[in-house]
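> What follows is a predicted structure for the sequence shown.
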Amino acid sequence: MAKVEPDKPGVDDPGLGRRLALDVGTVRIGVAVSDRDAKLATPVETVPRETGFKDRDKGDIDRILELIEDYDVVEVVVGLPRDLHANGSKSVKHAKEIAFRIRRRLAAGATMDKVLPPVRMADERLTTVAATHALRASGVSERKGRAVIDQAAAVEILQSWLDGRVNALAD
């Protein structure tokens, strides 16, 4: 698969406010959110993946939009799965599809007095590996870990984005 380029943190930055990150899989979508100062990522929930490529939006998209609204999100960060050579993996289509659907639904519900949060694609290389190691190190069994691994990966994606944002804005 061809090289796939993620967005860069800090470019067209919306300022302070919560960010929401998604780790999109074929079965589940891990969700994490930042604090209002955009410094620390925490897990939120794991949303069962329902919407396929040819489906209408289903409950998973609805739930993500609810979370965006509930947390008053200023930026959405979707993990872009790439291999170590920066090539897109098979999962890139899934991540891009979810990002497209979120952008479309946000635009459809837009009003003149509300700024739409941008939907960005972030490099997520090795985030699931890092999340798995972190859970194992904290004593979470592999069986119990399956329920939260996607949330932990979303935390890794978001924390990396937040750290990159701090560095980009400092330059």
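Structure's in. What do you need?

> What is the helix or strand harbouring residue 167 packed up against?
Using DSSP states H and E, residue 167 falls within helix 142-170. Judged by 3 or more CB pairs under 8 Å, 6 or more residues apart in numbering; DSSP states H and E, the packing partners of helix 142-170 are strand 18-24, strand 28-34, strand 41-48, strand 73-80, strand 119-123, helix 127-137. (Each C-beta comes from the backbone N, C-alpha and C, glycine too.)

> Just checking, which helix or strand of the chain averages the lowest pLDDT?
helix 127-137 (a mean of 64; mean pLDDT, DSSP states H and E).

> pretty sure residue 122 contacts residue 76?
No - taking CB atoms under 8 Å as the definition, residue 122 is not a contact partner of residue 76, at 10.0 Å.

> who touches both of these two?
The contact sets of residue 122 and residue 76 overlap at residue 21 (CB atoms under 8 Å, 6 or more residues apart in numbering).

> which residues touch the nearest residue to residue 150 once chain neighbours are set aside?
Nearest non-adjacent residue to residue 150, counting by CB to CB, 6 or more residues apart in numbering: residue 30, 2.8 Å away. By CB under 8 Å, 6+ apart, residue 30 lies in contact with 22-23, 43, 46, 149-154.

> Among these, which pair sits farthest apart?
Distances among the contacts of residue 30 were taken as CB to CB; the most separated pair is 22 and 149, at 14.0 Å.
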